[in-house]
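> Next comes the sequence, and after it the predicted model I'd like to discuss.
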Amino acid sequence: MKNRLNKSLGLIYILLGCLIVGFTSCKDDDNTSSSSPMKISAVYLENARATTKKERLVEFVRLGQTLRLEGSGFIGLTKIYVNGYETYFNPVFVTDNNIWVQISGQTPTMDAEESVRNTIVLQKGDQRFVLPFEIREAAPSITKISHTMPQAGDPITIYGTGLQGVSSIIFPGNVVVTNGIVSDDEKGEWCTVTVPSGIGDNSGSLLVICANGGAYSPACFNYKKGLIHNFDEVQNYSWGSGIDNTALTNLIPASDVRPKSQGGYQVFNSTGNLGANSDERFWLNSTAIFSTITSYIPGSTAAADCGIQMDIYVEGAWNSGIIRFVMADGSGASRYCMIYQPVYVNKVYALDAFENPGAWFTITLPFALSADYEGKTLDDVVASMSAASYKQAGPWFENSGITDVFDAVPATEKVYFDNIRFVPLTTPTYSDFPDEE
């Protein structure tokens with residue numbers, strides 16, 4: 001019995017000895033790894049959306065993008081600084097040879113201190129590894145164009161983000177403008193350019209090249225083939241309530257270099273005194289329209305990626321009323337329609353929300369603005385027009401308030417309109433890498 005007890009104790013001691021040796025060995029390995037010098041040998045951009053190159057070697061990164069740092073000695077890493085900004089990383093995504101880190105949108109770029117600008121710094125204990133590496137702003141974007149069917153010589157404004165240092169703008173037909181561009185180099189929220197000649201009937205996206213890279217606009221610029229009514233050569237008028245199809249032709253605004261009227265047009269609220277809870281309607285023959293829409297825009301296009309545009313000119317301050325564009329009449333005023341309401345923001349009456357530009361400009365009404373078309377396709381829009389009780393579609397000027405928010409008052413502004421058209425609103429993806437799909 002005593003011998004068996006001694007043998008058992010001996011076995012326990014041997015096992016404990018092995019555990020201690022193993023623990024000591026692991027501890028020594030950790031110390032060795034933690035004290036190993038850090039080195040970055042390559043930087044890869046991770047791109048989950050790419051269809052082929054999920055990662056690629058890069059020499060710069062944009063805010064919001066994810067990098068894989070390849071090298072050695074990363075075990076024990078405690079901090080990462082990008083342009084001096086302490087950047088969060090998940091230790092789970094750190095091995096001795098790889099680090100995965102997303103560049104925070106809060107990282108300073110041009111505002112970073114010169115001594116740390118365009119650097120990635122790894123810190124481990126007393127060790128610091130500094131990698132010179134270009135850090136760029138997030139990719140620029142275009143959110144709106146002041147006029148999408150202007151004439152040559154008209155100045156237009158392109159709105160978006162990251163639009164600093166614009167060097168060129170490429171129009172449909174590959175017409176390139178490099179001169180006379182003015183950009184908002186402080187905030188990057190806009191740039192202005194004069195529309196060149198030579199575009200003709202070409203349509204599509206604008207491409208803006210700036211200090212932060214390139215950005216495409218939605219593909220609706222100069223989309224003349226989508227015209228359904230312009231009071232000149234394209235006519236689909238049906239009937240009107242308070243307004244007819246007799247074109248007004250005086251040039252407006254008469255003395256301005258900005259976009260002017262283009263031939264005939266019409267006006268809502270011509271007296272400048274449309275009463276509360278009143279409206280004026282301009283109806284188009286939808287039978288003559290819906291059969292040709294999908295000739296240019298695929299019927300499978302999401303309702304959010306296509307819609308109606310029209311050019312308007314506002315005389316006076318917009319104090320009351322909305323533009324309601326009805327697609328399928330006969331189901332009630334709130335059905336199958338999109339609304340432009342410049343002085344009602346998030347159901348709050350805000351007169352200062354609308355700043356009259358004093359020239360013609362474009363309003364855009366994606367079909368998905370209608371609850372009836374949300375999550376639907378262009379085919380669904382066409383089907384609703386075909387099934388409507390009355391085969392008519394068109395814009396109203398409706399002077400009504402918003403329930404429990406604002407009671408309408410007589411509207412004093414006059415709203416001139418022209419160039420009603422279907423347009424695609426899809427935006428091409430700009431890549432920093434031309435070979436990327």
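Cool, the structure landed.
> Let me know the secondary structure of D418.
Three-state call for D418 (DSSP: H, G, I helix; E, B strand; the rest coil): strand.
> just D379 next, same as before
Going by three-state DSSP: D379 is helix.
> My understanding was that it contacts I297; is that so?
No - with contact defined as CB atoms under 8 Å, D379 does not reach I297; the gap is 10.3 Å. Bear in mind the C-beta positions are built from the backbone N, C-alpha and C, glycine included.
> Which one's more surrounded, these two?
I297 (21 against 15; other CB atoms under 10 Å).
> What's the separation between that one and A139?
26 Å (CB to CB, to the nearest Å).
> swap in P218?
In terms of CB to CB, P218 sits 16 Å off from A139.
> which one of the two has more residues nearby?
P218 (25 against 19).
> Is the more buried one in contact with T362, as I believe?
No - using CB under 8 Å, P218 makes no contact with T362, being 11.2 Å away.
> Go ahead and list the helix or strand containing the residue most central in space within the chain.
Compute the mean C-alpha point of the chain, and by CA atoms, centre = their mean the closest residue is T143, 5.0 Å away. Using DSSP states H and E, T143 sits in strand 141-145.
> Check which helices and strands the very next helix or strand once past that strand is in contact with.
Following strand 141-145 in sequence order, the next helix or strand is strand 155-161 (DSSP H and E). Other helices and strands packing on strand 155-161, by 3 or more CB pairs under 8 Å, 6 or more residues apart in numbering; DSSP states H and E, are strand 141-145, strand 190-194.
> in the last one, what's buried?
I take that to be strand 190-194. The neighbour-count check on strand 190-194 (16 or more other CB atoms under 10 Å) flags 190-194 as buried.
> and if you look at the first one?
Using 16+ other CB under 10 Å as the burial criterion, the residues of strand 141-145 that qualify are 141-142, 145.
> what residues are up against A152?
195-199 (CB atoms under 8 Å, 6 or more residues apart in numbering).
> try 10 Å
175, 194-200 (CB atoms under 10 Å, 6 or more residues apart in numbering).
> Just give the number of residues close to E413.
So E413, with other CB under 10 Å, has 21 neighbours.
> so where's the stretch 201-350 of the chain shaky on pLDDT?
Judged by pLDDT under 70, the stretch 201-350 of the chain has its weakly predicted residues at 347.
> One more pass at 80, please.
291-292, 345-350 (pLDDT under 80).
> all strands in it, in order from the N-terminus.
Secondary structure of the stretch 201-350 of the chain (DSSP state E, counting those that start in this stretch): strands located at 207-210, 213-216, 227-229, 237-241, 266-268, 278-285, 306-315, 322-326, 337-340, 344-345, 348-349.
> and the fifth one, what does it pack onto?
So that's strand 266-268. strand 278-285, strand 306-315, strand 392-399, strand 414-424 (3 or more CB pairs under 10 Å, 6 or more residues apart in numbering; DSSP states H and E).
> can you dump the C-alpha coordinates of the first one into PDB?
Extracted as PDB, the C-alpha positions of strand 278-285 are listed here (Å, rounded to 0.1, in the frame of the first residue of the first chain):
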ATOM      1  CA  SER A 278     -56.400  74.400 -52.800                       C
ATOM      2  CA  ASP A 279     -54.500  72.900 -55.600                       C
ATOM      3  CA  GLU A 280     -53.600  73.100 -59.300                       C
ATOM      4  CA  ARG A 281     -53.000  70.000 -61.400                       C
ATOM      5  CA  PHE A 282     -51.200  69.300 -64.700                       C
ATOM      6  CA  TRP A 283     -52.100  65.900 -66.100                       C
ATOM      7  CA  LEU A 284     -50.200  63.900 -68.700                       C
ATOM      8  CA  ASN A 285     -51.500  61.000 -70.700                       C
END
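> can you state the direction angle for it and strand 322-326?
30 degrees (axes from the mean of the first three to the mean of the last three CA atoms, to 10 degrees).
> One more: the third one?
Taking the same axes, to 10 degrees, one finds strand 392-399 and strand 322-326 inclined to each other by 160 degrees.
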